[in-house]
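> No letters, just coordinates:
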């Protein structure tokens, strides 16, 4: 029976590299996968899933209005899919998460979602909240704080490295904009 998985972590935990390794493993066995990533990310390699360690692969892009269920069903009819893998899953809408569940339940296609659990203020993203609520399997990937403890928070920083406490939930960026930290050091930097 196919399942809906949610692999979550703070930034720099290896979510994208984990996804790409899993896709490679399916491919080695002759199984087809369909990769997706959020269209909102317009940095270099737009339309690709890219890891910080240099791995990357082309991917379909989802917008708020993308019907993932219909797109995957059509692709599955043309060329049987073993798995769907979604990077930046925190940007899925609640409806899209339910579409992913339908793919597992009705189409028998495993769906592996990878994303952030919380934003820079410690709030759940809507897609992550729904995935935490309905996924068959939850897997926390580990990132490391500067102190060596498990990093669970994403500190947003400005160009001088100072913590940013307010702003839009979504601001695309990498190491120049965010630091993965344990809760203790997150709060110290935020309130410091």
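Noted; the coordinates are in hand. As the structure is a prediction and not an experimental result, all values here were calculated from the model.
> where in the protein is pLDDT low?
41-47, 50, 165-167, 169-176 (pLDDT under 70).
> Repeat the analysis, applying 80 as the threshold.
In the predicted model, the chain carries pLDDT under 80 at residues 40-47, 49-56, 157, 161, 163-177, 192.
> Provide the secondary structure category for the residue positioned nearest the centre of the chain.
The centre of the chain sits closest to residue 115, judged by Cα atoms, centre = their mean, with a distance of 2.2 Å. Classification of residue 115 using DSSP: H, G, I helix; E, B strand; the rest coil returns strand.
> bridging residues for it?
Note on residue 115: beta-bridge partners by DSSP bridges are residue 8.
> can you offset everything so residue one is 2?
Renumbered: residue one is now 2, and that last one reads residue 116.
> what residues are up against it?
With contacts defined as Cβ atoms under 8 Å, 6 or more residues apart in numbering, residue 116 is in contact with 7-9, 16, 87-93, 126, 128-129, 132. The way it works is simple: take the backbone N, C-alpha and C, and place the C-beta from them, glycine included.
> go with 7 Å
Residue 116 makes contact with 9, 16, 89-91, 128-129 under the criterion Cβ atoms under 7 Å, 6 or more residues apart in numbering.
> likewise residue 148?
In this structure, residue 148 makes contact with 183, 186, judged by Cβ under 7 Å, 6+ apart.
> Then residue 24?
34, 36, 58, 86.
> Let's see if you can find the most crowded of the contacts of residue 116.
Highest neighbour count within these: residue 90, with 32 neighbours (other Cβ atoms under 10 Å).
> surely that residue meets residue 114?
Yes. The pair residue 90 and residue 114 qualifies as a contact (Cβ atoms under 7 Å) at a distance of 3.7 Å.
> which residues are common contacts for the two?
Taking Cβ under 7 Å, 6+ apart as the contact rule, residue 90 and residue 114 both touch 7, 132.
> Around residue 143, how many other residues sit close by?
When neighbours are counted by other Cβ under 10 Å, residue 143 registers 12.
> my bad, should have said residue 78
That count, for residue 78 with other Cβ under 10 Å as the rule, works out to 10.
> which SS state does it fall under?
helix.
> ok, it to residue 72 distance?
11 Å (Cβ to Cβ, to the nearest Å).
> Then residue 18?
On the measure of Cβ to Cβ, residue 18 and residue 72 end up 25 Å apart.
> Strands - which of the contacts of residue 24 land there?
Of the positions in the contacts of residue 24, 34, 36, 58, 86 sit in strands, assigned by DSSP state E.
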